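**Q** Take this sequence and fold it.
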Amino acid sequence: MIDKSSLLRSRRTKIVSTLGPASSTKEMIQTLFHAGVDVFRLNFSHGTHEDHAERYQIIRELEKESGKAIGILADIQGPKLRVGQFAAGKIVLKTGSTFRFDLDPTMGDEHRVCLPHKEIVNSATPGCRLLLDDGKLCVVVRKVGSDFIETEVVTGGTLSNHKGVNVPDMVLPIPALTEKDHIDLRFALKLGVDFVGLSFVQRPEDVLEAKEIADGRAWIVTKMEKPQAMQNLDAILNATDAVMVARGDLGVEMPPEEVPLAQIKIIRTARSLGKPVIVATQMLESMISAPTPTRAEASDIATAVFEGADAVMLSAESAAGQYPKEAVTIMDRIISRVEKDEEWRKLMDATREQPQRNVADAIVAAAEKICHTLDTAAVVAFTRRGKTAQRMSRERPNSMIFGVAPTSEVARKLALVWGVHPYHSSKVDDPACTVENMLSESLKIVHEYKIVKEGDRMVVIAGMPFGKAGSTNLIRVVDIKE
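**A** Next comes the predicted model:
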């Protein structure tokens, strides 16, 4: 029988890990889970549906064996803007020269190439930038025609077939979901994933489209990777369920010095709304090929933890790197060490959001005060859809949070939420459940996980009557007795 206390993390910030060729076997997925992964990411930019279904099944079997809810994030590719092909396979763009992008599908040369995206031609205006090959090359629009863009090369270099194009100065009339994305999204939802990563978001309408398709089956995780999204930050975060600071793509379209400021702004806005926020990309990039991180990478993870991110994410480090287990282990160690620091706790207290003028916020704010004053071992949040647990998480209490949910689907979503240990109990959904039943269930949970002893106290919050969403209105302090 599994010792449930071994499943508790010694940290509150969660770890998201991408699966790929280096981490697809049952043995490796188990290893990563026990090393500290809370949510596994399936990257639909790579691999087949069969690959993702196999990994999904392994995770669900692991979840059943361990008894701990595990989140699964399906990251949808989104539109990819690319140049066409060159007759020679590649050319050299010379700084200061003129180069044309057009809709002609014929092979390109040193003077022109096909840009098979009419939306870019229609949206371009003189002065707009086009960034090529992940921002390595830059051209500026000088003239726009009905079927072409004439540009001046500002930063030259080699440009080869099908290299990517970024347009940081344009809002394109392109939906965030392509035909491929619609197929992938429906497949992922049918599988039963808990989160959907949404790329190429420019407007809140992009998020609402995905939410309508998901219809509550999965939380939408909006990937902030475009300057246009930053301009609509408040509206987008109000529309989404969670958010990801996708620093790779964001760093292509924004100057490097702006990315840390964007990260802070996204995290603060998400925290104020009680929306989970993931910091992603290049967190332990050197560990793709090295067994230990750079000190700068360790500091980067620590910074995200100090800023109050709900989760940090590994990409190629765990998907294709040589040291996936080591990457998860060192990330776990860094987070745990930061969260033991006195300055981290002071910062969490100093940046706590003020409660809104409603009963639910008043209850969780009071619960945090009680936890702090009495130094309670745990706070047990009974939550029908996850909102009560999310509200409690926003308070950043020092006590462990148990999010007790009526279904495994809700419990899995809480795997992404800061400080929340998800727990599935059908009693949450029973309108006949009494306060005494609730307190008995709470005592059972904390004893199962061996986090209390005689003389300790815990806080319990819930909504009455049971089975009704959005009614958090009850708080109890429970003395632990043997």
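
**Q** The stretch 101-250 of the chain: strands as residue ranges?
**A** Under the criterion DSSP state E, counting those that start in this stretch, the stretch 101-250 of the chain carries strands at the ranges 112-114, 129-132, 137-144, 148-155, 157-160, 165-166, 195-198, 219-224, 242-246.

**Q** partners of the second one, with directions?
**A** The partner list of strand 129-132 in its sheet, established with DSSP bridges, is strand 137-144 (antiparallel), strand 165-166 (antiparallel).

**Q** How about the first one?
**A** Applying DSSP bridges to the sheet, strand 112-114 is found paired with strand 98-102 (parallel).

**Q** send the alpha carbons of the partner strand over as CSV?
**A** Only the C-alpha atoms of strand 98-102 are listed here, as CSV (Å, rounded to 0.1, in the frame of the first residue of the first chain):
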residue,chain,number,x,y,z
THR,A,98,15.7,45.5,-51.2
PHE,A,99,13.8,42.2,-51.0
ARG,A,100,10.3,41.4,-52.1
PHE,A,101,7.7,39.0,-50.5
ASP,A,102,4.8,38.2,-52.7
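
**Q** Please work out the average pLDDT along it.
**A** The pLDDT scores in strand 98-102 average 97.

**Q** So which bits of that strand are buried?
**A** For strand 98-102, the neighbour count (16 or more other Cβ atoms under 10 Å) marks 99, 100, 101, 102 as buried. For every residue, glycine as well, the C-beta is placed using N, CA and C.

**Q** Next one: residue 357 relative to residue 389, how far apart?
**A** 21 Å (Cβ to Cβ, to the nearest Å).

**Q** Could you check which of these two is surrounded by more residues?
**A** Set residue 357 next to residue 389 and count neighbours by other Cβ atoms under 10 Å: residue 389 wins out with 32 against 7.

**Q** before we move on, what SS does the more buried one have?
**A** Assigned by DSSP: H, G, I helix; E, B strand; the rest coil, the conformation of residue 389 is helix.

**Q** got the contact list for it?
**A** Counting by Cβ atoms under 8 Å, 6 or more residues apart in numbering, residue 389 makes contact with 381, 383, 401, 403, 405, 414, 417, 420.

**Q** Run through the bridge partners of the closest residue to it other than its chain neighbours.
**A** Nearest in space to residue 389, with sequence neighbours left out and distances taken as Cβ to Cβ, 6 or more residues apart in numbering, is residue 403 at 3.3 Å. Residue 403 has the following beta-bridge partners by DSSP bridges: residue 381, residue 422.

**Q** and residue 403, how many residues sit next to it?
**A** Neighbours of residue 403 under the rule other Cβ under 10 Å: 29.

**Q** go on, the one 3 residues further on?
**A** When neighbours are counted by other Cβ under 10 Å, residue 406 registers 21.

**Q** thinking again about what came up before, nearest to residue 463, out of the strands paired with strand 129-132?
**A** strand 165-166 (46.1 Å; Cβ to Cβ).

**Q** Can you check which of the strands paired with strand 129-132 gets nearest to residue 241?
**A** Residue 241 sits nearest to strand 165-166 of all those, at 26.4 Å, using Cβ to Cβ.

**Q** Counting by contacts, list what the longest helix seen in the chain packs against.
**A** Assignment by DSSP state H gives helix 49-66 as the longest helix of the chain. Here helix 49-66 touches helix 26-35, strand 39-43, strand 71-75, helix 179-191, going by 3 or more Cβ pairs under 8 Å, 6 or more residues apart in numbering; DSSP states H and E.

**Q** what does the average pLDDT come to for that helix?
**A** The pLDDT scores in helix 49-66 average 97.

**Q** That one to helix 26-35, inter-axis angle?
**A** For helix 49-66 against helix 26-35, the angle by axes from the mean of the first three to the mean of the last three Cα atoms, to 10 degrees is 50 degrees.

**Q** hey, C-alpha coordinates of helix 49-66 in CSV?
**A** As requested, the backbone C-alpha atoms of helix 49-66 are provided in CSV (Å, rounded to 0.1, in the frame of the first residue of the first chain):
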residue,chain,number,x,y,z
HIS,A,49,-2.2,11.4,-32.1
GLU,A,50,-1.2,7.8,-31.4
ASP,A,51,1.9,9.0,-29.6
HIS,A,52,-0.1,11.4,-27.4
ALA,A,53,-2.8,8.8,-26.7
GLU,A,54,-0.2,6.3,-25.5
ARG,A,55,1.4,8.9,-23.2
TYR,A,56,-2.0,10.0,-21.9
GLN,A,57,-2.8,6.4,-21.0
ILE,A,58,0.5,5.9,-19.2
ILE,A,59,-0.2,9.0,-17.1
ARG,A,60,-3.7,7.9,-16.2
GLU,A,61,-2.5,4.4,-15.2
LEU,A,62,0.2,6.1,-13.0
GLU,A,63,-2.4,8.3,-11.5
LYS,A,64,-4.5,5.3,-10.6
GLU,A,65,-1.5,3.4,-9.1
SER,A,66,-0.4,6.4,-7.0
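
**Q** Buried residues of it, list them for me.
**A** 51, 52, 55, 56, 58, 59, 60, 62, 63, 66.

**Q** what is the orientation angle of it with strand 39-43?
**A** Helix 49-66 and strand 39-43 are oriented at 170 degrees to each other (the same axes, to 10 degrees).

**Q** can you list contacts of helix 49-66?
**A** By Cβ under 8 Å, 6+ apart, the surrounding residues in contact with helix 49-66 are 2, 7, 19, 24, 26, 29-30, 33, 40, 42, 44, 69-70, 72, 74, 184, 187-188, 191-193.
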